[in-house]
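Peer 1: sequence first, predicted coordinates after that:
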Amino acid sequence: MSIVTVQLGQCGNQIGFEVFDALLSDSHSSQGLCCKRENEAYQASCKERFFSEEEKGVPIARAVLVDMEPKVINQTLAKAAQSGRWKYGQHACFCQKQGSGNNWAYGYSVHGPRHEESIMNLIRKEVEKCDSFSGFFIIMSMAGGTGSGIGAFVTQNLQDQYSNSLKMNQIIWPYGTGEVIVQNYNSILTLSHLYRSSDALLVHENDAVHKICAKLMNIKQISFSDINQVLAHQLGSVFQPTYSAESSFHYRRNPLGDLMEHLVPHPEFKMLSIRNVPHMSENSLAYSTFTWAGLLKHLRQMLISNARMEEGMSHHTQPNFSWGLTMLPRLVLNPWFQEFKTSLANMVKPHLYKNLEGFKDPALYTSWLVPVNAFNVWKTQRAFSKYEKSAVLVSNSQFLVKPLDMIVGKAWNMFASKAYIHQYTKFGIEEEDFLDSFTSLEQVVASYCNL
Ligand SMILES: Nc1nc2c(ncn2[C@@H]2O[C@H](COP(=O)(O)OP(=O)(O)OP(=O)(O)O)[C@@H](O)[C@H]2O)c(=O)[nH]1
């Protein structure tokens, strides 16, 4: 089944390019460490998911590109065409001459409705090209105006027009230091709207990915392109083909559907994170060896200590072994408890390795789901990208409670002093809308806290 990707704004388009490039490079890499037949089946499955029929032998990304300024779209199209390995469709772009000036209200209430028909037509044409359609992958930042505002508007439209198809949004969480003064307003408006219309929100924090580039990849001058390559590697390792639950010979047909089924057991809990091991530069990789047991031990520790990378994670944090007791004895029994993050559901995808008992520990999970339902393994025999051994973990857990609480708090402080509100009311987003967003996100924080 195929996935249609919608790339929105500068951030969405730049990341989208890296994702397609990573998928295609991996699929054509000779390092898959599996037999020829296996590799061919893998390539065919990847192509069906993400690329449509070849034009003169060049696969075409199943994607729609949307931005209100032409610059990034033009660069993205050119980079794909220059790769010579794949490209975007000739009529898959929508752009205008004027951006949203980092104003969510302008993207959502002005650009969105004004260009609704053209954007939805492009998406419809892309969906019609799929023999069998699984759903949408929507890539956007939440701090700007175009990706976040139009992204929220388009996701809502997709929910209305394709209510039976799945929608997963990849959202970029802004740097804490903040490049955009109203980023907290834009963020809470984006999140609260997506929480209503999307099926799952896959969140990447720019600060965390930046640290991976600095500490693990040893990059000195970190650009968005470096950050996006790390992101694309993580996304690619989740979306590349794995075997279906029933058979080791057939690839999973509906990865979006399976992800939602395994990881989003309740609509109140839609926030997903990705962690990968290992991450390193090509140079270091040549001198490194890994064991499966070591990699998976690190991945589990990253999960429970809420670390985005191995370096610097707490080795003390342990799950609460007095599972089922009330909060107070938990804190007394386990001083590291506050660091520990409870999971609702986890999916691990290592290739080849079988012993994953550590992820089945009931102490990792909320009491209302048994580990057999809360934990899932996706199997494959093919190594991903340049790594001989690697594993990825997708998690629905308390990982975002603190950042979400902080962003809501900062937005609330600004709102209380009415700062910049007139720039939103001017385009039809009223104080009531802000209050609704605060209420719904406070509810999300409370629900995750109570896991
Ligand atoms: N990871 C990553 N973040 C990006 C990239 N480009 C921008 N951002 C982040 O996205 C946010 C700004 O959103 P943009 O996508 O630039 O804005 P836009 O959606 O085009 O909206 P307007 O500029 O208002 O038209 C900030 O938090 C940036 O840190 C990128 O290529 N990669």
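Peer 2: Great, that's in hand.
Peer 1: quick one: the helices in the stretch 151-300 of the chain?
Peer 2: With DSSP state H, counting those that start in this stretch as the criterion, the stretch 151-300 of the chain has helices at 151-161, 183-197, 206-211, 224-239, 255-263, 282-285, 292-305.
Peer 1: which of those sits closest to the ligand?
Peer 2: Checking these against the ligand by Cβ to the nearest ligand atom gives helix 224-239 as the closest, at 3.6 Å. To be clear about C-beta, it is placed using only N, CA and C from the backbone, and glycine gets the same treatment.
Peer 1: from the ligand, how far out is the closest residue in space to residue 300 that isn't next to it in sequence?
Peer 2: Residue nearest to residue 300 in three dimensions, not counting chain neighbours: residue 358, with 4.7 Å by Cβ to Cβ, 6 or more residues apart in numbering. For residue 358, the distance to the ligand (Cβ to the nearest ligand atom, to the nearest Å) stands at 31 Å.
Peer 1: how about the strands in the protein?
Peer 2: For the chain, strands defined by DSSP state E occupy the ranges 2-8, 51-55, 58-61, 63-67, 93-95, 133-141, 166-173, 200-205, 271-277, 343-350, 375-377, 391-397.
Peer 1: pull up the pairing partners for the fifth one, direction included.
Peer 2: Same thing as strand 93-95. strand 63-67 (parallel) (DSSP bridges).
Peer 1: the second one now?
Peer 2: Partner strands and pairing direction for strand 51-55 (DSSP bridges) are strand 58-61 (antiparallel).
Peer 1: can I get the partner strand in CSV, CA atoms only?
Peer 2: C-alpha atoms of strand 58-61 as CSV (Å, rounded to 0.1, in the frame of the first residue of the first chain):
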residue,chain,number,x,y,z
VAL,A,58,13.5,7.6,-12.6
PRO,A,59,11.1,6.9,-9.7
ILE,A,60,8.8,9.8,-8.8
ALA,A,61,8.1,10.6,-5.1
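Peer 1: residues in contact with it?
Peer 2: 5, 20, 24, 47, 50-54, 80, 84-89, 92 (Cβ atoms under 8 Å, 6 or more residues apart in numbering).
Peer 1: mark which of these are buried, thanks.
Peer 2: Buried members of these, counted by 16 or more other Cβ atoms under 10 Å: 5, 20, 24, 47, 50-52, 80, 86-89, 92.
Peer 1: between those, which is closest to the ligand?
Peer 2: Looking across these and measuring by Cβ to the nearest ligand atom, the closest to the ligand is residue 20, at 14.2 Å.
Peer 1: can you put the helices of the stretch 151-300 of the chain in a markdown table and add mean pLDDT and distance to the ligand?
Peer 2: Shown next, in a markdown table, are the helices of the stretch 151-300 of the chain (pLDDT from 0 to 100; distance: least, Cβ to the nearest ligand atom, whole Å):
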| stretch | mean pLDDT | distance to the ligand |
| --- | --- | --- |
| helix 151-161 | 98 | 8 |
| helix 183-197 | 97 | 6 |
| helix 206-211 | 95 | 5 |
| helix 224-239 | 94 | 4 |
| helix 255-263 | 89 | 21 |
| helix 282-285 | 80 | 21 |
| helix 292-305 | 88 | 20 |
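Peer 1: so which of the ones you listed is the most packed in?
Peer 2: Among the helices of the stretch 151-300 of the chain, helix 183-197 has the highest mean neighbour count (mean count of other Cβ atoms under 10 Å), at a mean of 24.
Peer 1: that one to strand 166-173, inter-axis angle?
Peer 2: If you take axes from the mean of the first three to the mean of the last three Cα atoms, to 10 degrees, helix 183-197 sits at 170 degrees to strand 166-173.
Peer 1: show me what helix 183-197 is packed against.
Peer 2: Helix 183-197 is packed against helix 104-105, helix 151-161, strand 166-173, strand 200-205, helix 401-416, helix 431-449, with contacts defined by 3 or more Cβ pairs under 8 Å, 6 or more residues apart in numbering; DSSP states H and E.
Peer 1: pick the most buried one from those.
Peer 2: helix 104-105 (a mean of 28).
Peer 1: so for that helix, mean pLDDT?
Peer 2: Averaging pLDDT along helix 104-105 gives 97.
Peer 1: which other residues reach that helix?
Peer 2: 145, 148-149, 152, 182, 185-186, 189-190, 423-429.
Peer 1: do that again at 10 Å, thanks
Peer 2: Helix 104-105 has contacts (Cβ atoms under 10 Å, 6 or more residues apart in numbering) with 142-153, 182-183, 185-190, 193, 423-430, 433.
Peer 1: do it and the ligand meet?
Peer 2: No - Helix 104-105 does not reach the ligand (Cβ under 6 Å from any ligand atom); its nearest approach is 8.4 Å.
Peer 1: how far out from the middle of the chain is that helix?
Peer 2: 22 Å (Cα atoms, centre = their mean, to the nearest Å).
Peer 1: then stretch 57-69?
Peer 2: Between the centre of stretch 57-69 and the centre of its host chain there is 19 Å, according to Cα atoms, centre = their mean.
Peer 1: quick one: average pLDDT of it?
Peer 2: Rounded mean pLDDT across stretch 57-69 is 95.
Peer 1: check which residues of it are buried.
Peer 2: Within stretch 57-69, the residues that qualify as buried are 59-69, counting by 16+ other Cβ under 10 Å.
Peer 1: what's near enough to touch the residue lying closest to residue 400 once chain neighbours are set aside?
Peer 2: Among residues not flanking residue 400 along the chain, residue 271 sits closest, at 4.9 Å (Cβ to Cβ, 6+ apart). By Cβ under 10 Å, 6+ apart, the residues touching residue 271 are 171, 191, 195, 200-203, 264, 344, 395-401, 404, 444, 448.
Peer 1: for residue 271, list each beta-bridge partner.
Peer 2: With DSSP bridges applied, residue 271 shows beta-bridge pairing to residue 201.
Peer 1: separation between it and residue 72?
Peer 2: Per Cβ to Cβ, to the nearest Å, residue 271 is found 27 Å from residue 72.
Peer 1: next: residue 136.
Peer 2: Counting by Cβ to Cβ, the gap from residue 136 to residue 72 is 20 Å.
Peer 1: the more surrounded of these two?
Peer 2: residue 136 (26 against 21; other Cβ atoms under 10 Å).
Peer 1: tell me what that one is bridged to.
Peer 2: Bridge pairing for residue 136 - DSSP bridges - gives residue 4, residue 167.
Peer 1: wait, doesn't it sit right on residue 130?
Peer 2: No - using Cβ atoms under 10 Å, residue 136 makes no contact with residue 130, being 11.0 Å away.
Peer 1: okay, and the common contacts of these two?
Peer 2: Here residue 136 and residue 130 have 3-4 as joint contacts, going by Cβ under 10 Å, 6+ apart.
Peer 1: which stretches of the stretch 351-451 of the chain have low pLDDT?
Peer 2: For the stretch 351-451 of the chain, the stretches with pLDDT under 70 are 351-354.
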